[in-house]
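Novice: below are the sequence and a predicted model for it; my questions follow.
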Amino acid sequence: LAKTTQPISMDSYEGQEVNITCSHNNIATNDYITWYQQFPSQGPRFIIQGYKTKVTNEVASLFIPADRKSSTLSLPRVSLSDTAVYYCLATGFQKLVFGTGTRLLVSP
Amino acid sequence: KAGVTQTPRYLIKTRGQQVTLSCSPISGHRSVSWYQQTPGQGLQFLFEYFSETQRNKGNFPGRFSGRQFSNSRSEMNVSTLELGDSALYLCASSLGDREDTGELFFGEGSRLTVL
């Protein structure tokens, strides 16, 4: 299972764009990069997933360079409700080890 | 489509007792994974079941066990409870087959308090 490394915490203000970078140097050929969001006392929630290049949905964008050794989750115009822990994982059909995640704090 | 359902949501036990937690996955999902979450240790992988077989296992003692039924519902059991077992236990389901890209759907969790 590929190990991922991401910053422990980040601070931002409402309305700003937040970019969280994750490194996954030994990602397997068949693995996807998947990001989850977790609020206190709740289960993690799927945000976005990609294999290469760029993926965008109504919540976020995911940028993956050609070598796939890293990825960047981009949250446009964050709000207070985006304060949460964000996990980056390299995923396939074999099950998943979550790292410590990035604790994002959005302030007014 | 109903989500992942975990029962009970909250429970209190005393040291030495045992507990069984239940998880009903999303219809059509054959993989169920269990995680333990504590403030100090984060989200720790317990085990994964697929088609009634344990496919992956985390680094937990034998007091933690699980099983999966033919309808994909899963239970986990913790015997001889210790204070350190107090945690939020999360269940997640997914397709589990080769088409599975790793998108997990989590339940609300079962919060266990051991006194």
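Specialist: Yes, it's here.
Novice: ok, and the closest non-adjacent residue to the one residue in chain B that gets nearest to chain A?
Specialist: Nearest to chain A in chain B, going by Cβ to the nearest Cβ, is B:G102, at a distance of 2.4 Å. (Each C-beta comes from the backbone N, C-alpha and C, glycine too.) Distance criterion Cβ to Cβ, 6 or more residues apart in numbering or on different chains; nearest residue to B:G102, sequence neighbours excluded, is A:T91 at 2.4 Å.
Novice: and the pLDDT at the one you found?
Specialist: Reading off the confidence values, A:T91 has pLDDT 76.
Novice: ok, A:L1 next?
Specialist: Value for A:L1, per-residue pLDDT: 54.
Novice: ok, back up a step: checking the residue of chain B closest to chain A next. Helix, strand or coil?
Specialist: coil (DSSP: H, G, I helix; E, B strand; the rest coil).
Novice: what's opposite residue 34 in the beta bridge?
Specialist: All of this is about chain A. Following DSSP bridges, A:T34 is listed with bridge partners A:Q49, A:L89.
Novice: um, chain B though
Specialist: Beta bridges link B:W34 to B:F47, B:C91 when assigned by DSSP bridges.
Novice: number of residues surrounding it?
Specialist: Counted with other Cβ atoms under 10 Å in any protein chain shown, residues neighbouring B:W34 total 25.
Novice: ok, it to B:Q54 distance?
Specialist: 10 Å (Cβ to Cβ, to the nearest Å).
Novice: identify the contacts common to these two.
Specialist: B:F47, B:E48, B:G66 (Cβ atoms under 8 Å, 6 or more residues apart in numbering or on different chains).
Novice: report pLDDT for the second one.
Specialist: Predicted confidence (pLDDT) at B:E48: the value is 92.
Novice: dump the residue contacts of it.
Specialist: Applying Cβ under 8 Å, 6+ apart, we find B:E48 in contact with A:K95, B:S31, B:V32, B:S33, B:W34, B:Q54, B:R55, B:N56, B:K57.
Novice: for the third one, which non-adjacent residue is spatially closest?
Specialist: Which is B:V32. Nearest to B:V32 is B:S74, by Cβ to Cβ, 6+ apart, at 4.0 Å.
Novice: next, the contact list for the one you found, please.
Specialist: Residues near B:S74 by Cβ under 8 Å, 6+ apart: B:S22, B:C23, B:P25, B:V32, B:W34, B:Y49, B:G66, B:R67, B:Q68, B:C91.
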